[in-house]
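Visitor: Okay, here's the prediction I keep looking at, along with the sequence it came from:
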Amino acid sequence: MADPDPPESPGVPLTRRALREREAQSRASTEARSPDVHAPLRRRRAPAAAPGEPAPAPAAVTAPSPAHARRRRAGRIGAAFAAVGVAVLVFGTTAAVTAAVTAPPLSEAASLEAEGETLDVSVEGSFDEPLPPVTDALPSPVVAPEVSGDDICGSEELLAALDARDTAAAIAAAGGAERFRSAVAAGTAPCVSLDDPSFEWVVVNKARPLDPIDYRPEELVAPDGVRNIPGTAMRPAVSTALSAMVADAAAAGVGEIALLSGFRSYGTQVDTYASHVASRGEDGADTISARPGHSEHQAGLAADVVACDAGGCGGLDDLAGTPQGDWVAAHAWEYGFVVRYEDGFTDVTGYSPEPWHLRYVGADIARHYTEGGWHTLESFFGLPAAPDYDG
């Protein structure tokens, strides 16, 4: 800014002459200063000449005072920084501020430096803080894989084995027990029925009754060489397997294993279930006995076994913990049997644990079932749990 005028004495008015002298002094002081070569020029209008006098020479072209020029340039620089501030508000990013601070100097700032003045363009705050991590791409959603299986039903050999009710040949034609199981569980083997009781892999539970409801196997035989307490029979393949298992257990020195219950007809199951209802109530009966039409015994594929010694044979609840019971749990699969109702899976099967209830599924499936760590036929074949009856 220009130097201020000298102070005046308060209360003393200035004469016209004093005012003219002060104006002349001010113009002389202004002209003595260096002109601002960067500021736009402006012209002064010369005063009109008095009558009879020659016209005065044109007034010298003068530049505005440096203070005025600096104020205009500072205003333009301020507008530029205001625009940067708007960009920060709009885009909300630290990059905008960083670009404004690290950009090449403005021409206006250079002009001020040429005049020997310094323009402070520093921005308060710190930029040492790390920028937020850059995300290359949005995370891909995780999709659970679908259960897949092969279309084994395209095999003519498999279809021929199914027609002949030869389960072992059918599994071999499917490419083995696992390929067979996975195809059935995935629903890609429509030629294989888990409802047909003529097949050893039929699944019977509280939600899957036999079809027909009073089904009876065409052929039943008693096991050879086995103490048969009730004198019942089973399907030929089941009887043969049980005879071999009982003989091998005796040879291994674990003691005698006897058959307490094999095939039970629909009529027999009506009586059996009714007796349990009478003693335990319906809810209690449903945990230990199948309703008629829902029993694996009626399919001819189940055997309830007990342990015997010199004093006779024990009951069903006495098998667990005996040498015979331990041997059955470890070796039954070798003969095509699995322990159908294991401890800890009542919420799937609907039945209390029955270590004596052996279900025949065939050698191939029993081996794969055991080696694969399966505990229920429902999970093995991808079926829903069946803890309760539908109606």
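Guide: Ah, there it is.
Visitor: A258: which element?
Guide: Using DSSP states H and E, the element containing A258 is strand 256-261.
Visitor: correct me, but I257 touches C308?
Guide: Yes: look at I257 against C308 with C-beta atoms under 8 Å: they come within range, at 7.2 Å. C-beta here means a position set from N, CA and C on the backbone, and glycine is covered the same way.
Visitor: and those two? which has more neighbours close in?
Guide: Using other C-beta atoms under 10 Å, the more surrounded residue of I257 and C308 is I257, with 27 against 17.
Visitor: quick one: pLDDT of that one?
Guide: pLDDT, I257: 98.
Visitor: go on, P230?
Guide: pLDDT, P230: 89.
Visitor: which ones are touching it?
Guide: L259, L260, S261, G262 (C-beta atoms under 8 Å, 6 or more residues apart in numbering).
Visitor: Show me where the stretch 201-350 of the chain has its strands.
Guide: Counting by DSSP state E, counting those that start in this stretch, the stretch 201-350 of the chain has strands at residues 256-261, 302-309, 312-313, 337-341.
Visitor: Show me what the first one is packed against.
Guide: Counting contacts by 3 or more C-beta pairs under 8 Å, 6 or more residues apart in numbering; DSSP states H and E, the secondary-structure elements packed against strand 256-261 are helix 236-251, strand 302-309, strand 312-313, helix 323-331.
Visitor: As TSV, the strands of the stretch 201-350 of the chain with distance to A172 would be great.
Guide: Formatted as TSV, the strands of the stretch 201-350 of the chain follow (distance: least, C-beta to C-beta, whole Å):
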stretch	distance to A172
strand 256-261	30
strand 302-309	25
strand 312-313	38
strand 337-341	20
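Visitor: In the stretch 201-350 of the chain, where is pLDDT below threshold?
Guide: Along the stretch 201-350 of the chain, no part satisfies pLDDT under 70.
Visitor: re earlier: please enumerate the shared neighbours of I257 and C308.
Guide: Contact criterion C-beta under 8 Å, 6+ apart; residues bridging I257 and C308 by contacting each: Q324.
Visitor: any residues touching the strand holding A258, and which ones?
Guide: With C-beta under 8 Å, 6+ apart, strand 256-261 has contacts from 223, 226-230, 232, 242, 245-246, 249-250, 297, 302-309, 313, 316, 324, 328, 356.
Visitor: Just the buried residues out of these, in PyMOL syntax.
Guide: Filtering these down to the buried ones (16 or more other C-beta atoms under 10 Å) takes a single PyMOL command:
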select buried, resi 223+226+228+232+242+245+246+249+297+302+303+304+305+306+307+308+313+316+324+328+356
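Visitor: okay but W327 is in contact with V246, surely?
Guide: No: using C-beta under 8 Å, W327 makes no contact with V246, being 10.5 Å away.
Visitor: buried stuff in the strand or helix carrying D364?
Guide: Using DSSP H and E, D364 maps to helix 363-371. Neighbour-count burial for helix 363-371 flags A363, D364, I365, A366, R367, H368, Y369, T370 (criterion: 16+ other C-beta under 10 Å).
Visitor: what bits of the stretch 1-150 of the chain have low per-residue confidence?
Guide: Using pLDDT under 70, the flagged stretches of the stretch 1-150 of the chain are 1-149.
Visitor: I'd like the distance between G312 and S243.
Guide: 21 Å (C-beta to C-beta, to the nearest Å).
Visitor: Ok, A168 next?
Guide: Taking C-beta to C-beta, one finds A168 at 18 Å from S243.
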